[in-house]
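Enquirer: Okay, sequence plus prediction incoming.
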Amino acid sequence: MIAGAGPTGLTLAIELARRGVPCRVLDKAAALFPGSRGKGLQPRTLEVFDDLGVIGAVLAAGESFPPMRLYRGEDVVWEKPIYDLLGLPELEPTPAVPYPYTWLIPQWRTDQILAARFAELGGTIEFDTEVTGFTQGDDGVTVHTRRGSIHADYLVGADGGRSAVRKASGVDFLGGALTEEQIIVGDVRARGLDGRCCHLLTRDGDQSTRFSLWNLPGSEHYQLVVTMAPGVEVPALTLEGMQEVLQHRSGRRDVTLSDLRWISLYRVNLLMAQNFRMGRVF
């Protein structure tokens with residue numbers, strides 16, 4: 001039994017299914033998550049996806065990371081490849097590192113590709129099935145859900161940072177925030193920008209108060225990223241709130257936002273569960 005139908009839970013489900021190990025995937029949501037919590041896949045992840053049999057779909061649905069473009073008002077200050085800004089050299093694929101660069105693809109599309117691969121292997125995701133707890137014994141685990149109890153040989157909690165499985169297990173989740181700044185991220189449509197870039201909108205060229213809009217491949221949406229310094233009041237997490245922040249930070253009224261698909265506020269945390277296995281629960 002796997003709790004959570006995100007990239008982690010679906011990757012495990014594929015690994016089990018292609019080896020003939022029966023498994024069930026439960027998720028409390030009504031459908032796959034519609035937003036791009038993440039937008040890039042690292043080289044090692046691409047190697048794993050190659051092994052899972054989904055690399056073709058992943059490459060077809062994404063693109064190389066676009067250049068970064070800094071604006072001062074409506075004027076372009078510079079446009080540079082992201083790897084130049086990071087001081088990284090040009091890399092060529094090799095047998096040891098076949099995918100040397102990060103690949104841009106919205107997380108919702110990655111989830112769809114993994115779900116389709118799981119379905120090819122005969123699996124299904126049981127949505128609207130929230131795990132609320134479990135009890136375990138020598139012969140298995142009874143998983144308690146909003147739809148009733150299910151018996152399984154093992155239970156895996158792949159249900160995120162607020163994992164119901166981890167909380168029910170009583171395992172400590174230790175660590176804390178790496179920085180005091182907060183970050184707003186969301187998916188939105190934008191009118192008034194040209195070219196496929198990471199658009200860094202500022203009023204005076206100061207990147208510390210930028211409003212970033214990343215083109216997402218295969219989508220009319222951008223991922224917005226807004227960093228909030230410590231002590232700065234967080235704006236309303238609404239379309240109107242984001243439009244006000246964009247205008248305040250860039251001085252521009254020609255860039256208009258619409259169709260806010262999802263939005264979230266978070267801090268960068270470093271946290272780790274203190275145990276990864278508790279009997280038949282992982």
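Expert: Looks like it arrived, so ask away.

Enquirer: I'd like the next helix or strand past the helix or strand of the chain with the lowest mean pLDDT.
Expert: In the chain, the helix or strand scored least confidently by mean pLDDT, DSSP states H and E is helix 82-85, which has a mean of 88. Later in the chain than helix 82-85, the nearest helix or strand by DSSP states H and E is strand 103-104.

Enquirer: quick one: contacts of that next one?
Expert: Strand 103-104 has contacts (CB atoms under 8 Å, 6 or more residues apart in numbering) with 39-41, 46, 58-59, 62-66, 214, 216-217. The way it works is simple: take the backbone N, C-alpha and C, and place the C-beta from them, glycine included.

Enquirer: Now that we have the residues you listed, which of them are buried?
Expert: Buried subset of the contacts of strand 103-104 (neighbour count, 16 or more other CB atoms under 10 Å): 39, 40, 41, 46, 58, 59, 62, 65, 66, 214, 216, 217.

Enquirer: Wait, the first one touches residue 110, no?
Expert: In this case it means residue 39. No - here residue 39 does not reach residue 110: they are 9.5 Å apart, not a contact under CB atoms under 8 Å.

Enquirer: need the helices for the stretch 1-150 of the chain, in chain order.
Expert: Assigned by DSSP state H, counting those that start in this stretch, the helices in the stretch 1-150 of the chain fall at 7-17, 43-52, 55-60, 82-85, 107-120.

Enquirer: Would you mind getting the angle between the last one and helix 7-17?
Expert: So that's helix 107-120. Angle between the axes of helix 107-120 and helix 7-17 is 20 degrees (criterion: axes from the mean of the first three to the mean of the last three CA atoms, to 10 degrees).

Enquirer: Compare the helices of the stretch 1-150 of the chain and report which one is nearest to residue 271.
Expert: Of all these, helix 7-17 sits nearest to residue 271, with 15.0 Å by CB to CB.

Enquirer: neighbouring contacts of that closest one?
Expert: Contacts of helix 7-17 (CB under 8 Å, 6+ apart): 2-3, 22-23, 25, 27, 48, 52, 107, 110-111, 114-115, 117-118, 121-123, 156, 158-159.
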